[in-house]
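Enquirer: my questions are about this predicted structure, shown below with the sequence.
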Amino acid sequence: MLATLQEATGGTSWDIRSLIGYPGYLALFIFLVLGWLAIIVVPFGKILKRTGHAALWSVFFIIPFLNLVALWILAFKRWPTESKPNLYP
């Protein structure tokens, strides 16, 4: 298998730096991913806290396919705010 990999890469050995090119790009990539995670997780956490759910549910929204399952579960389950008495009739 190693021989096939070396042939596919032009006879050079393969390592992650060959995909990134410059080490600064790895730091940029990590920064962008963490920023994207913050943009997704923080607002969903705030929304879920307002609806009476645990903010930890927002972690499910960053995992593909699991985000759809979590969305359907949250859409059709009884919300904690629905069980509280209505203060304004």
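Expert: Great, that's in hand.
Enquirer: mind giving me the packing neighbours of the longest helix seen in the chain?
Expert: Determined from DSSP state H, the single longest helix within the chain is helix 23-50. Secondary-structure packing of helix 23-50 (3 or more CB pairs under 8 Å, 6 or more residues apart in numbering; DSSP states H and E): helix 16-20. Where you see a C-beta, it was placed from the backbone N, CA and C, and this is true even at glycine.
Enquirer: let's go with 10 Å and repeat that
Expert: helix 16-20, helix 66-76 (3 or more CB pairs under 10 Å, 6 or more residues apart in numbering; DSSP states H and E).
Enquirer: pLDDT on the last one, on average?
Expert: For helix 66-76, mean pLDDT is 87.
Enquirer: same check, this time on the shortest one
Expert: Confidence over helix 16-20, taken as the mean pLDDT, stands at 58.
Enquirer: ok, and what's touching stretch 42-51?
Expert: Stretch 42-51 has contacts (CB atoms under 10 Å, 6 or more residues apart in numbering) with 53-62, 67, 70, 74, 79-82.
Enquirer: may I see the buried residues of that stretch?
Expert: Buried residues in stretch 42-51, counted by 16 or more other CB atoms under 10 Å: 44-45, 48.
Enquirer: do stretch 30-38 as well
Expert: Neighbour-count burial for stretch 30-38, counted by 16+ other CB under 10 Å, picks out no residue.
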